[in-house]
Each structure stands twice: as C-alpha cells, then as structure tokens.
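Visitor: Output the structure for:
(one chain, ligands or ions: 1)
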Amino acid sequence: MDFDLTEEHLAVMEAARDFAKTHLLPGVVERDINATFPKELTAMMGEMGFMGMMTRPEYGGGGMDTISYVLAMEEISKIDASAGVIMSVNNSLVCWGIEKYASEQQKKKYLIPLASGKLLGAFALSEPEAGSDATSQKTTAVDMGDHYLLNGTKNWITNGKSSAICLVLAQTDPSKGHRGMSVFIVEKGWAGFEVGIKEDKMGIRASDTHSLMFTNVKVPKENRIGEEGIGFRYAMETLDGGRIGIAAQALGIAAGAYERALDYSKERKTFGKPICEHQAIQFKLADMATEIEAARLLCYEAAFAKDRGRDYSKWSAMAKLYSSKVAMEVTSEAIQIHGGYGYVREYQVERMMRDAKITQIYEGTSEIQKIVISRNILR
Ligand code: CAA
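Guide: Below you'll find the model as predicted:
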C-alpha cells in the first residue's frame with residue numbers, strides 16, 4: 001500500500017490551490033451575499049482544465065484520474081464551495097456519462113465544448129415528486145418518429161440557468177417503470193424549454209439552482225444517449241461518480257474551516273495566551289484534524305476503486321456520507337473556536353457551515369447513502 005501522491009497529483013493540487021487563493025478568494029463573501037453566479041471564474045476554471053478533468057484529451061478533457069479530481073475539488077471547495085459544485089456537476093454528472101454512453105457524433109458535438117469548459121452542463125433528474133425516490137419520474141418523452149416530444153418539470157437543477165446543455169431523464173415507456181426511462185441531451189434555447197426563478201438558498205448561494213420546465217420540446221432522435229430504457233441505470237451510475245465529487249467538496253469545506261480555525265486559534269488571545277494553548281481548543285482541533293484525515297482517506301479510496309475499474313458504488317456512498325457529516329461537525333466547531341467572530345460573515349466559517357449542509361442532501365441524502373451502503377453490504 002502506498003499513501004504517497006505522485007508528482008502529477010501534487011502539481012494538480014498546487015494548481016487548484018493557487019487558482020482558488022488567487023481568483024476565487026477575492027469576492028467569495030460578496031458572491032455569497034448577493035448570490036452571484038461566478039461566470040468569468042467558471043470560464044477560467046475551464047481554461048485551467050478543471051471542467052473536464054477525467055475526460056480523455058481527444059474529447060477536450062485532461063485525461064486525469066479520479067484522485068486528481070478529488071484533489072482539485074478539495075482545494076477549490078476549501079475556498080469556494082459554490083465553485084466546487086459548479087465544477088463537480090460538469091465533470092462527473094455531465095462529462096462522465098456522455099463519454100461512457102454517447103455516440104461518437106454526440107461526443108464531438110457536445111463533449112468537446114463541455115469538457116474543455118467552453119460550455120457548461122447540467123444534469124436534470126430531480127422532480128417535484130421524485131427526489132430520493134428517483135424512480136418516480138413524471139417527465140415524458142414521446143416518440144414522434146424523427147423526434148421526441150419532451151414534457152415535464154425538473155427541480156433543484158445545479159447550473160440550471162448558466163448551462164448551455166442539459167441532460168434530461170424522462171420516461172419513454174412509462175409502462176416499464178424505471179426500465180422505461182431514457183436520457184437526452186437538450187439544448188437551451190429550444191422552443192418550450194424554460195428556466196424557472198433562482199432558488200434563494202441557505203448555502204452554496206453563488207451556484208445557480210433552478211427548476212426547468214419542458215413544454216412540447218422537440219428533441220431530435222439523435223440527442224437520445226444510448227438505447228431507450230437505459231436512462232435510470234445511466235443516472236445511477238453517474239451518481240456513483242458524482243458522489244465522489246460531492247464527498248470531495250464536503251472534505252474541502254471541512255478542511256477550509258479547520259485551517260481558518262487553526263490560524264485564528266494561534267492569533268486570538270484569552271486569559272493571557274493564544275487560545276490554541278488552552279486544552280479545550282486543542283481537543284477540538286485534534287478531533288477536527290482526525291475526522292478530516294479519515295474523510296480524506298475515504299474519498300481517496302472511492303477514487304482509487306473507480307480508477308481501478310472496481311465496483312465503487314459503496315465506496316462513493318461511504319465517502320459522501322462520512323465527509324458530509326465531518327463537514328457539518330467541523331464547520332460548527334470552527335465557528336465555536338472563533339466565538340462571536342465566527343458568527344459574522346467576514347470570518348467566512350459561518351458560510352462554510354451553511355455550505356456544508358447541502359452536502360448531506362444533494363446527489364442522494366445521507367439516508368439514501370445508507371441504503372446504498374447497506375444494500376452493498378448485504379447483497
Ligand atoms: N448502478 C447501476 N444500476 C443501478 C445502481 C447503480 N449504482 N443502483 C441501482 N441500479 C439499478 C438497479 O439494478 C435496478 O435495475 P433493474 O431493476 O433493471 O435490475 C434499478 O436501478 C432500480 O434499483 P432499485 O430497485 O435499487 O431502486 P430503488 O427505487 O430502490 O432506489 C436508490 C434506489 C439508490 C434509492 C435511488 O433511487 C437513488 O439513488 N435515489 C437518490 C437519487 C439522487 O441521488 N438524486 C440526486 C439528484 S442529482 C443532484 O442532486 C445533482 C446536483 O444538483 C448537485
């Protein structure tokens with residue numbers, strides 16, 4: 001067993017860290033307050049190669065492994081978790097599935113601009129009545145010969161407004177339940193495709209979350225990915241990888257809050273000495289550091305299993321379950337260490353706690369992760 005990162009891994013980590021400190025840090029507080037989507041910064045992340053990290057170079061990506069992706073996600077999310085989720089969705093929920101399942105023609109048309117960061121993608125699975133119970137899809141795509149007619153509403157879609165391309169899961173044969181679902185590449189601007197108002201969220205406020213409405217949208221036949229009926233499996237496999245990205249986002253939020261708390265504890269004095277010299281604070285820092293390392297190892301293990309071509313469903317669920325719990329605990333303790341200062345925006349740890357909460361909800365709640373883990377253990 002080798003716990004050392006390679007030179008390439010360290011270079012990716014360094015590049016992401018530099019980018020986050022130089023470009024994402026200035027303005028992160030204002031973007032959170034005003035819920036401003038970081039359009040130019042997202043374009044820069046594309047130029048840096050962060051939007052299609054694992055996609056093969058012939059399709060515009062970086063051809064990197066999943067460990068590199070986890071490292072970059074952690075560094076970006078340490079500073080700005082909104083940028084983290086924008087990046088995660090494009091990498092693992094959009095580019096990954098297209099590369100695995102789409103035709104050569106679809107890859108040339110859509111994957112190259114998506115993976116190179118020229119276009120942004122979104123993944124539309126959730127519906128008003130299909131969140132955790134993802135098989136209850138109501139959106140339909142009716143075969144009209146040379147095209148499908150798409151009708152339905154999708155909810156909570158990350159990159160909902162800013163994306164140019166959206167992958168949409170729909171029922172093509174409702175009589176077959178989850179085996180009658182298919183996935184389509186749908187372009188913004190097509191008649192009948194509308195974007196709802198932006199959700200006013202507790203955290204990750206700079207990412208744009210919208211509902212999407214489809215009313216008789218004509219989707220050309222050539223925009224269906226793979227065969228009819230593979231849609232649900234496509235979505236589940238995609239989420240297995242997506243959960244590694246969100247686990248790494250949660251890890252980054254925890255590590256960012258911990259680093260801020262550690263620095264603060266060395267500066268802030270009470271009872272005549274820096275607070276890091278009080279055992280009450282030392283024990284908190286020790287717990288935080290230990291939990292973060294454990295979460296990091298689970299993230300690496302999930303990424304390692306995926307890179308080795310092993311079944312990683314259980315590992316990605318474990319990594320997300322644990323890292324998101326650690327993110328909540330560590331951000332809460334980081335506020336506690338900051339005292340009253342932790343409760344105000346300027347010190348950033350309050351934002352990190354708000355950002356952390358969603359990592360226990362999206363891409364499968366913690367309860368869903370426990371279903372996935374237990375089914376894997378018991379099968
Ligand atoms: N890989 C491949 N196929 C899988 C799979 C996997 N990991 N998990 C399940 N399947 C297949 C099963 O084999 C089964 O297929 P067959 O019947 O053909 O054999 C089919 O899917 C249905 O499986 P289940 O019977 O296990 O289905 P279920 O109704 O019990 O639900 C679930 C399974 C794991 C709970 C699933 O519904 C689930 O993951 N729910 C959560 C949905 C979710 O994560 N939503 C997130 C939305 S995206 C998002 O949040 C993005 C964002 O904005 C950041």
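Visitor: Am I right that Q249 is in contact with A72?
Guide: No. Using CB atoms under 8 Å, Q249 is not in contact with A72, being 10.8 Å away. To be clear about C-beta, it is placed using only N, CA and C from the backbone, and glycine gets the same treatment.
Visitor: Pick out whichever of those two has more residues nearby.
Guide: Shown here are Q249 and A72; by other CB atoms under 10 Å, Q249 has more neighbours (35 against 31).
Visitor: What residues sit buried inside whichever helix or strand the more buried one is part of?
Guide: Q249 is part of helix 231-267 when elements are defined by DSSP states H and E. Under the neighbour-count criterion of 16 or more other CB atoms under 10 Å, helix 231-267 has 231-232, 234-258, 260-262, 264-265 buried.
Visitor: mean confidence score for the helix or strand containing E40?
Guide: Assessed by DSSP H and E, E40 sits inside helix 39-47. Here helix 39-47 scores 98 as its mean pLDDT.
Visitor: what comes up buried for it?
Guide: So, applying 16+ other CB under 10 Å, buried residues of helix 39-47: 41-42, 44-46.
Visitor: Check the gap between the residue in the stretch 251-379 of the chain that the ligand sits nearest to and M202 for me.
Guide: Using CB to the nearest ligand atom, G364 is the residue of the stretch 251-379 of the chain that sits closest to the ligand, at 3.2 Å. Relative to M202, G364 is positioned 19 Å away (CB to CB, to the nearest Å).
Visitor: And those two? Which one has more around it.
Guide: Set side by side, G364 and M202 show more neighbours around G364, with 25 against 11, by other CB under 10 Å.
Visitor: List the residues that contact that one.
Guide: Contacts for G364 (CB atoms under 8 Å, 6 or more residues apart in numbering) come out as 132, 239, 243, 317, 320, 372.
Visitor: if you set the cut-off to 7 Å instead, what comes out?
Guide: By CB atoms under 7 Å, 6 or more residues apart in numbering, the residues touching G364 are 239, 243.
Visitor: May I ask which helix or strand encompasses it?
Guide: Using DSSP H and E, G364 sits in no helix or strand.
Visitor: pLDDT at it, what is it?
Guide: Looking at G364, its pLDDT is 98.
Visitor: Now do the contacts for M64.
Guide: 12, 53-54.
Visitor: for R354, that is, sorry about that
Guide: Neighbours of R354 in contact, by CB under 7 Å, 6+ apart: 202-203.
Visitor: ok, and the closest non-adjacent residue to K100?
Guide: The shortest distance from K100 to any non-neighbouring residue, by CB to CB, 6 or more residues apart in numbering, is to E237 (7.6 Å).
Visitor: tell me which parts of the stretch 51-200 of the chain are close to the ligand?
Guide: Residues of the stretch 51-200 of the chain lying near the ligand by CB under 6 Å from any ligand atom: 85, 89, 93, 123, 125-126, 132, 134-135, 156, 158, 178-179.
Visitor: So which of these are in strands?
Guide: Residues of those located in strands (DSSP state E): 123, 156, 158.
Visitor: Which helix or strand lies directly C-terminal to the helix holding Q249?
Guide: Sequence-wise, the next helix or strand downstream of helix 231-267 (DSSP H and E) is strand 269-270.
Visitor: now the very next helix or strand once past that next one: mean pLDDT?
Guide: Once strand 269-270 ends, the next helix or strand along the chain (criterion: DSSP H and E) is strand 273-274. For strand 273-274, mean pLDDT is 98.
Visitor: State the next helix or strand along the chain beyond strand 273-274.
Guide: helix 279-307.
Visitor: From the contact counts, what lies against the helix or strand just after that next one?
Guide: Scanning forward in sequence from helix 279-307 by DSSP H and E, the next helix or strand is helix 313-338. Helix 313-338 sits against helix 231-267, helix 279-307, helix 349-358, helix 366-378, with contacts defined as 3 or more CB pairs under 7 Å, 6 or more residues apart in numbering; DSSP states H and E.
Visitor: Show me what counts as buried in the second one.
Guide: So that's helix 279-307. 281, 284-285, 288, 291-292, 295-296, 298-307.
Visitor: okay, and for the stretch 1-150 of the chain, where does confidence drop off?
Guide: Within the stretch 1-150 of the chain, no stretch has pLDDT under 70.
Visitor: Run through the strands of it in chain order.
Guide: 121-124, 140-143, 147-158 (DSSP state E, counting those that start in this stretch).
Visitor: tell me the most buried of those?
Guide: Sort those by mean neighbour count, taking mean count of other CB atoms under 10 Å, and strand 121-124 sits at the top with a mean of 28.
Visitor: What residue spans form the domains of this protein?
Guide: 7-115, 121-229, 232-378 (automatic domain parsing).
Visitor: end-to-end on the first one?
Guide: Chord length of domain 7-115, first to last residue, is 23 Å (CA to CA, to the nearest Å).
Visitor: still on that earlier bit, ok, the buried residues of helix 39-47 vs the ligand, which is closest?
Guide: The nearest member of the buried residues of helix 39-47 to the ligand, counting by CB to the nearest ligand atom, is T42 at 15.0 Å.
Visitor: Disregarding flanking residues, what is the spatial nearest neighbour of the closest one?
Guide: Closest to T42 by CB to CB, 6+ apart is I86, at 5.7 Å.
Visitor: Which residue, other than its chain neighbours, is closest to D65?
Guide: D307 (4.7 Å).
Visitor: dump the residue contacts of that neighbour.
Guide: 65-67.
Visitor: For the stretch 251-379 of the chain, which residues are neighbours of the ligand?
Guide: Selection of the stretch 251-379 of the chain residues close to the ligand by CB under 6 Å from any ligand atom yields 313, 362-364, 368, 371-372.
Visitor: which of these are buried?
Guide: The neighbour count (16+ other CB under 10 Å) marks 313, 362-364, 368, 372 as buried among those.
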